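I would like the atomic coordinates for the input below:
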Amino acid sequence: MSTPITAALVKELRERTGAGMGDCKKALEATGGDLDKAAEKLRMDGSAKADKKASRTAAEGVLAIAGNDDAVAIVELNSETDFVAKGDDFRTLARKAAEAAHAHKPADAAALSQLKAGDVTLDEHRRTLIAKLGENMTIRRFEIVESAGGPLVTYLHPGDKIGVVIAMEAGDVELARDLAMHIAAMSPRFLDAGEISADVLATERRIIEATVAQEQADARADSEKFASALQEMDAEKQNGTYAALSDDEKKSWDDDYAMIKKKLGGGFKPKPAEILAKMIDGRTAKFIGEITLLGQPFVKNPDLTVEKLLAERKAKVARFVRFGVGEGIEKQQVDFAAEVMAQAGIKA
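As a prediction, this is how the structure comes out:
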């Protein structure tokens, strides 16, 4: 026997599932007014919609942080648009994911998605939101940072798009906060040179070596070009071309000749191998300084590296994590006008 589909019944199902009023009414009609079956149908419909949207790029989103003095979790939840990322429902899911990550310390994002937040798993919550809001969403990644004996500090930049967690072995909270903001601004990839893998260094050194070799080749080519230009101009002096010029033209010609001769200098002189090696070593060292926290100039005092700052303050960083929403995700370029025309069956 069917239960009458009343406004109160639709409202109750909506409050239970978070689905739209229209979807709740259709689910109740399809299940004869059975609330439990209607809720299950909405979950199944939401899963189907989520699967259809799974291939769509989700590169917007927010970060959420949860923790205590012992450990902190930072989670990235992605959506397709910033509009959805600003919504309360989306941010609630991000917060629940961070709380679950902190409480259970799962092995990876897939395991995190299967953890329960209330009566449903985070993945079920995510799928329900996809059905409700019409966008793909992904719990992309998380990290757990444990206390190292000193301050354990977090920083979320306004908008929740950049987040930092830093664990100090020694030092004060004020310094830790300054370093967290430095990390947010300067994006170091590693704590120190020891954390950089041999592959990363080898790749960068190959790039530097190729750049230096190209610079030498370009210098040789420029020298040959200037030498050829001077030969042509010397010929113009010999064949009478120069003599036929007006006084103003001669002045311009003389200026050009002097400029080219200055650029040519003594001609191309290849740098000795030992000099090239020192150049490559120097640029490699500069690269290491740029991508490591300890090697970077401190953002509040660029005359001081972070390493020297820590030494002065008798402080030590054990670990840090920096997330930026969407970093590393290739965003799709969408021509919205063309998309609307295509949906309307209009040919461009």
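
All the strands of the stretch 151-300 of the chain, residue numbers only.
Using DSSP state E, counting those that start in this stretch, the strands of the stretch 151-300 of the chain run over 152-156, 162-170, 297-298.

what's the next helix or strand along the chain from the shortest one in contact with?
Beyond strand 297-298 in the direction of the C-terminus, DSSP states H and E gives the next helix or strand as strand 301-305. Identification of contacts with strand 301-305 by CB atoms under 8 Å, 6 or more residues apart in numbering yields 289, 294-298, 309, 312. C-betas here are computed from N, CA, C, even on glycine.

one more time with 10 Å
Identification of contacts with strand 301-305 by CB atoms under 10 Å, 6 or more residues apart in numbering yields 178, 289, 292-298, 308-312.

Just the buried residues of that strand, please?
Neighbour-count burial for strand 301-305 flags T305 (criterion: 16 or more other CB atoms under 10 Å).

go on, stretch 23-33?
Counting neighbours by 16+ other CB under 10 Å, stretch 23-33 gives 23-28, 31, 33 as buried.

which one of those is nearest D123?
Nearest to D123 among the buried residues of stretch 23-33 is D23, at 19.3 Å by CB to CB.

on that earlier part again, reformat the buried residues of stretch 23-33 as JSON lines; add distance to D218.
Listed next are these as JSON lines, based on distance: CB to CB, whole Å:
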{"residue": "D23", "distance to D218": "64"}
{"residue": "C24", "distance to D218": "68"}
{"residue": "K25", "distance to D218": "71"}
{"residue": "K26", "distance to D218": "68"}
{"residue": "A27", "distance to D218": "69"}
{"residue": "L28", "distance to D218": "73"}
{"residue": "T31", "distance to D218": "74"}
{"residue": "G33", "distance to D218": "79"}
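
Mind checking the pLDDT average for whichever helix or strand K11 is part of?
Using DSSP H and E, K11 sits in helix 7-17. When pLDDT is averaged over helix 7-17, the result is 75.

Between the contacts of strand 301-305, identify the one with the most neighbours.
L293 (25 neighbours; other CB atoms under 10 Å).

Pretty sure that one sits against V321.
No: look at L293 against V321 with CB atoms under 10 Å: they stay out of range, at 11.5 Å.

Please identify every residue contacting each of the two.
Common neighbours of L293 and V321 (CB under 10 Å, 6+ apart) are 166, 183.

picking that back up, tell me which of the strands of the stretch 151-300 of the chain is the most buried.
Of all the strands of the stretch 151-300 of the chain, strand 162-170 has the most neighbours on average by mean count of other CB atoms under 10 Å, namely a mean of 23.

quick check: domain ranges of the chain?
7-53, 56-146, 198-291 (automatic domain parsing).

deepest of the ones you listed, which one?
It is domain 56-146: most buried of the domains of the chain by mean count of other CB under 10 Å, with a mean of 19.
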